[in-house]
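J.: A structural model of the following input is requested.
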Amino acid sequence: MMEFFNSRYHVARKEHTCEACERKIQIGEKYEYESGKFEGTFFERRYHIDCYMTLQDFFSDDPGDDFFTYDHVFDWWLEGYCYQCALWYDNGGECDCDMDRRIWCTKYQKRSENE
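T.: Numbers count the residues shown, from 1 in each chain. From the prediction side, this is the model:
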């Protein structure tokens with residue numbers, strides 16, 4: 001059970017690691033900072049803005065489940081976006097992006113309805 005929770009934007013004064021994608025948040029970059037206490041354990045997390053927005057989309061799509069892994073988010077992204085992406089479709093199901101299970105594709109291009 002969540003005992004308390006705070007979320008706000010920060011600008012990085014030092015390098016941090018994004019909780020979702022494990023890439024660096026660079027000095028001067030805006031990021032989302034979360035902190036709180038869950039089931040007696042304090043936590044703090046930092047996210048790139050894009051990663052944070054992806055997580056918000058994920059939770060909006062399935063609001064009933066508060067417990068997740070980043071693998072769940074990746075599978076959701078793959079099913080909802082990759083299979084509809086023009087790059088994936090045009091390349092016969094292959095993608096040249098460097099996305100792995102923790103990084104959302106930044107090359108996503110929506111297919112036209114005519115394809």
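J.: just for this protein, where's the confidence low?
T.: The chain contains residues with pLDDT under 70 at 63-67, 83-89, 93-115.
J.: go again using 80 as the cut-off
T.: Along the chain, segments meeting pLDDT under 80 span 61-68, 74-115.
J.: biggest helix in it by residues?
T.: Longest helix in the chain, counting residues (DSSP state H): helix 49-61.
J.: And it, what's buried?
T.: Under the neighbour-count criterion of 16 or more other CB atoms under 10 Å, helix 49-61 has 51-52, 54-55, 58 buried. Every residue, glycine included, has its C-beta placed from N, CA and C.
J.: any chance of those residues in TSV, with distance to Asp90 too?
T.: Converted to TSV, the buried residues of helix 49-61 look like this (distance: CB to CB, whole Å):
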residue	distance to Asp90
Cys51	26
Tyr52	30
Thr54	23
Leu55	28
Phe58	26
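J.: Contact partners for the nearest residue to Ile27 once chain neighbours are set aside?
T.: Nearest non-adjacent residue to Ile27, counting by CB to CB, 6 or more residues apart in numbering: Ala12, 5.3 Å away. When contacts are counted by CB atoms under 8 Å, 6 or more residues apart in numbering, Ala12 touches 25-31.
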